[in-house]
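>>> Have a look at this fold, sequence not included:
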């Protein structure tokens, strides 16, 4: 085992961090990737309250837990998304405000800058999250898309995130986009385009989550090899296809967990992701950061699952070889 | 060969019908499914001009061509879609008007009623088309959908189409939704829900097009068997997946024909659709209507392709058995 | 782990129950599904001897073992089978009698009624078993079957079992047919027909055993979803196909364990059954009864195998989720 | 095209041979494999009526058709089968008689001897057919088989067929068993055993029909290579599996042509058989006899199908190479 | 059909060109790719005899045949191979000389220069062929390779071919390496390395032959897309894997055509190559040169096969689209 | 667990045996298969020094380790190989001598005789190793092979090894060829030929290593069943194919561990080998010798891997059944 294993706390924000940290420590996690919602890591309080970060740090240390990254997915989503009522449910009230899209975009961008500042104050060099997408609704080109609009959207995202990333640079913090449907970048092609639109600035990398690749029939291990210097953080999450000629890979507008869906999220090791190949690819590119379990499985008890996932990662993420072979055969 | 083979003219609307009909006759088609755009079948003129339908009919007869259905996809799409600039490009100016969504919806609905009236006048009992969808942009549930909204959308579509279908009933014409991404119904689950929302009224059936099923990993032959009394018309169109771990099944926001897409439309018989199984299923359910080739393949010459497709259908759509087997073995 | 794990004792009837119970307790089983042969559960003695059931119960309790069902496969088989010499080997002498088919049928039926009575006396609400089939030999229709005969056979079985099931009803005991080749119901189609012939009376349900489905290329998880209210008991047994172009799926009239067979039974987790999907399906339909390991693998030591199978079930049958996801993301 | 293509007339016995021969000649067949039922080839009349064979021969020659084999499947089946009512439907009344099994067996055996005599008189050196099986009903070993009984059945068949084959030897005619479910030999293993039980006498070979292999997951080309000196005749017939997790490979006691079956017969080239590999294997073993189309497809018109099948064979059965490669590169 | 279809004459050098040309013209070929052995195209005579090229050209024109390339595989092989007795069989005596490796290398290199000169004189801008490889015998690294030696071998080949390619440049002729086992470049990796070692000079490109890719599990269409500006010529040749657990992909040191091999060459369209995808890829990269059938199939008659292959290419190499789709739908 | 599990020390020869034995004992191995290089088992010293073997034996016993075989791969390779510089690196200097091929062959053969003598002295009845191959470089027949030369090579190997095997016979020691690319026998076909060339003498059997079969698409379990009386020793080693259309199964002349290779060695249980089927096959043929882990995985830490492999074998190599099934069901 070479890499620390953490739990991303986003799906556990109904629990106070105090309680969650104690549970995770007991289960044997090395640390937590704190979500910027619930009471796990509150950006506004971190900046406003001088003792906030120290208190969090103490809480973690008391439980023997490290922290290598925080997750700001929800606010990040609002920076470039077409805003609608669903965003109200995931945004802090002061970011949502009156819900006017331009205002939401602007306030979300400011909050992301603050997130970089708060991370720096907390001593964490990595913020993971989403960017949103102005063109997700154009996924299928009918009525026929104006593909110039698609092209421009990469620039639009680059423009919106440029000033945010400037603050990240100032603070010495990096951003890791979780490549994911509903984001501007959700696969190989769109990631390449976005990185190009951002002039491949090192501030902006990837939080690699294989669960979003598997149902697209994408090879996450290959992704790591194709973008070796942009893998800044890794999520361990899994998904499973259940295609039988009646279930659509597009999901049928059904919620996760519905039986008739063509794919769903499952606990790591229970799905389609080939984690051993992914971890071997991470070895090749020299990734030494955390493996952060983002746990989601509508058919499994959450606490059982977190432990099952941890055990799975521990036995799958073996150490690399340090020597070349056949060497011992030669004199 | 038991069923007439027609060409859907929608992708040929750059050609005058006169010219297209002559070409298709020469190639051996049995008839045309006229698109309601270009000069192929103009709804407004059909209603305004007493001789219009007769002239069209004569043009077809002169070429020895039949007509069993017309296609009103573009205007239909505008009835329930979230209207944006892309609709301007596909709508007649008088339906687009000032582009205000409510107005567009209303004018598109009226035009669909007129389409039923024009079809009746033309003596055609079948109009194929799209319905649009108020929730297509909610395909992937992040930010998390309000699934009540999804539920309500089926009702919303039923409400919008109810008055239109009343006119269809009055005129003795049936509507065939082409089950298709970006429509409210695009797979087994959503079609079942939509038909239920419409109280399974017989006016509303399906224009079955397998090219939209194959890339969803859906079995079109099974669809015909599951909805045997709602298959009102059939398109012969094909698509092909080219998944290699780097190409996404979601299409990467690339236009059709781009090399890096995970799937694309191809000429019938060159893709993933198992047409023989589909045709056998159509035999089982007693479908005797046209097989209408909707031709689209960005890598093949259009005129070569139409002929190639016709030959493919001719050799694949064999006649059913009329007798039971092993009977001849028994005395 | 939500469901008790038991061992079906049918393949261990060469051992006295005393000895077997002690072994199973030591291995960690939760209970036993007692076979109605050997000295495990003797129907005649249970009815004749007032202390029999109490003594059995005490034996189990002494070993900390529960009992949720008994297995009466062998006698049940004789109720509707075409009787031949093979039945002599599996029937108690008093049921076999002189071997005259009508008499065997009648005595087997009576013994099944007694089995219900004995189960009730023992306090067990579930009897599993076989029904036999009058038409198994007509599996392949050559010489061509009279399919009217097939149709009538479902009625014939319903007629023979009606009076038996009446006694089950009186005693408050349910019957679980193990869907299985050589039974009247061995797959989706035949099960549906049999249940219909029995007017879907609740007395008669299914003891679901996936090992009989896998070599037929049937999906046991889907079966559970298709017959959700009839899954009364579940066997954990596995089978494996070894098809290489020379081995027939039909078995070549070779005994189990022969190298040249196209499929064989194997210890659970070593074969083709996808138990995780099966257990997830059982979660969906709310099945909370036992998972009863029926152990059979001609290539593995039996005692090693029982423990291996138990460990397999323990690590595969995880608890369900109690909460919906993404909820924690919303405020 | 190196081998003659014939039609097996068994499924066309409702038509007088006069009519069928004329149709087949028109379609381009090289000859017919005459069934010994209907008026196609009547064994009793061929022996009783001196002019019968000449008249048949003339009829064929008038139509330019050859004949290389006759098919005596129905009577052959009765030689070793467990006789029941189904045999009445397929046997001539004088062979059925009173239906007493021993008598039927005996009369069927005599008729098979007569068939050899009639074939000789007709100048045909090959009779194809079935043998029946005393143990087909023991296909699945529950109640557990006495495998000694299985072993003995091969001897039993050898004993019953010995005297028949003696007559074949006397007449200079060979018998070709169509390896087929419900026969004693239906796959690699059982064929090997039967040939051994018959001391591999050259009189007894195989009429190779791939349609009975494909649904057993057997490789017919490999079968030809494994039994190279016993392939006496070849049927061209196809079958197709339609396994989706709900359809059983065992057929669900449904008649051919039912939608819910797991496999069915289809017109050659429309199913799972790899005919090119089979024909290449026939080239390797030097088989130069007829390719006899046995046509059966419940979803296709029979006359269309016969022509479709003929065209398929013509384009698939290419001639072998006569030279070694790369030779031309060397000086 | 956009591209000329030619026959590579290498496997027909036992026939005089006069005879072969007449046959090919009759079959409908557009031209020939002349082999530099037999009497097809003799480099020494072409340079020595002023009328030779004109006479050849006339012979072709008389048969209505074009020529776009010549094939100099055999001599090319000797430029960088480890020379052994097998080369004697494929080389002209004057190139073989005394068989001393250094001398053979030198004379082969001179002959290749002459081949460029002769091609120029003949008016043909393309010479296809092999390069040989100094390290083919090191394919499997045991005893462990010195991988520095592998590295150096690319330079060694570049050094040997540099002066040859200089003459090609002078003559305005290009060389197309047929990527192939036993050559220095036989797959994606080795081709990239070789082209780099040659500084990607435009003189040196590829004669793309998919039959050498398929048995390596390589995707020839992808190869065309990865090396779009180096595809100078295309062979149409096919191969087929027959892997069953007993046949090795490495070929078992058996000659082509042996039954026990794991793969073999087959007539185009009868094997594993997906020619439609290859031709579509050629369309994408704008390749307009010949499709040259190199015919080799040890199980098919050569003359039948050449015609079968030509028909296959004619029906598979359809013309590209000239227009973008959905355009006709938009106003 | 029925068979001892050993570690082959060949890849650990950089460690003194003292140290390695202590590590292996701690990890729980049952014994070691000593390599004849490093200081593990020195053939010359074993013969020259009377106390050598006893000292080795004591060292093993001190660690509670057994020894059932020694490995003499490197010297064996030189007996029949075409000698080049790579052999210098793997041979003892006194065997290499001046590197003249004939001398190397002779000295290697003598050393193999000594190896048998040393094994006998050490009390070990089994020597594993390689034979080398005079024709490995002719793997792909271009320039076309003289297949007579291939035929003769089997005799040549038989001739070279005959005198060596005579000494093995004298000493009561058996030789186990590790069937492997670069050896004369590397698959089913070539092994059969070699054994035949050696008149199937019992001295010469096989050290079965599945890692060399899997990338050839060969079924190792079937190999054991095909050569049941020649499996003298078994290696547990694994390999994995990573074929994606760009990576060649032939390895691209890349070293093991390179990312672009089409296959590579991996730790047992992490690759393509189906060890359960292999172990079941070993049960069938009654193999009771050691399972010797030969560990090689360029992506895993060696010490972690050895333990991981041992645990894998322990849980996969279960004991056979001693009883027949269904017996318990019968009275």
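Nice, I can see it. Please read all numbers here as calculations on a predicted model, not as lab measurements.

>>> Nearest spatial neighbour of residue A:103, chain-adjacent residues omitted?
Closest residue in space to residue A:103, ignoring its immediate chain neighbours: residue A:97 at 5.4 Å, by C-beta to C-beta, 6 or more residues apart in numbering or on different chains. (Each C-beta comes from the backbone N, C-alpha and C, glycine too.)

>>> next structured bit after the helix or strand that contains residue A:18?
Residue A:18 belongs to helix A:17-27 when assigned by DSSP states H and E. Counting by DSSP H and E, the next helix or strand C-terminal to helix A:17-27 is strand A:31-35.

>>> Is any residue of stretch A:296-305 near chain B?
No - judged by C-beta under 8 Å from any C-beta of the partner chain, stretch A:296-305 and chain B are separated, with a smallest distance of 11.8 Å.

>>> what about that stretch, start to end distance?
Counting by C-alpha to C-alpha, to the nearest Å, you get 9 Å between the two ends of stretch A:296-305.

>>> Over to stretch A:176-186?
For stretch A:176-186, the end-to-end distance is 13 Å (C-alpha to C-alpha).

>>> Which positions within it qualify as buried?
For stretch A:176-186, a neighbour-count test (16 or more other C-beta atoms under 10 Å in any protein chain shown) marks A:176-186 as buried.

>>> what's the pLDDT at the residue nearest to residue A:103?
The per-residue pLDDT reported for residue A:97 equals 98.

>>> For burial, what's the neighbour tally of residue A:58?
By the measure other C-beta atoms under 10 Å in any protein chain shown, the count of residues near residue A:58 is 11.

>>> Check what contacts the helix or strand hosting it and list those residues.
Element membership for residue A:58, per DSSP H and E: helix A:52-62. For helix A:52-62, contacts defined as C-beta atoms under 8 Å, 6 or more residues apart in numbering or on different chains pick out A:17-18, A:21, A:31-32, A:34, A:41-42, A:45-46, A:66-67, A:118, A:121-123.

>>> Give the buried subset of the residues you listed as a PyMOL selection command.
Burial among these is assessed by 16+ other C-beta under 10 Å; the matching PyMOL selection reads:
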select buried, chain A and resi 17+21+31+32+34+41+42+46+67+118+121+122
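
>>> OK, contacts around residue A:319?
Taking C-beta under 8 Å, 6+ apart, one finds A:1-2, F:300-301, F:304 in contact with residue A:319.

>>> ok, and the most crowded of these?
Of the contacts of residue A:319, with other C-beta under 10 Å as the count, residue F:300 tops at 23 neighbours.

>>> Run a quick check on that residue versus residue A:318, I expect a contact.
Yes - using C-beta atoms under 8 Å, residue F:300 makes contact with residue A:318 at a distance of 5.3 Å.

>>> so residue A:32 sits right up against residue A:10, yeah?
No - using C-beta under 8 Å as the test, residue A:32 is too far from residue A:10 to be in contact (10.6 Å).

>>> hey, where'd the strands end up in the stretch 51-200 of chain A?
Counting by DSSP state E, counting those that start in this stretch, the stretch 51-200 of chain A has strands at residues A:70-71, A:126-129, A:174-177.
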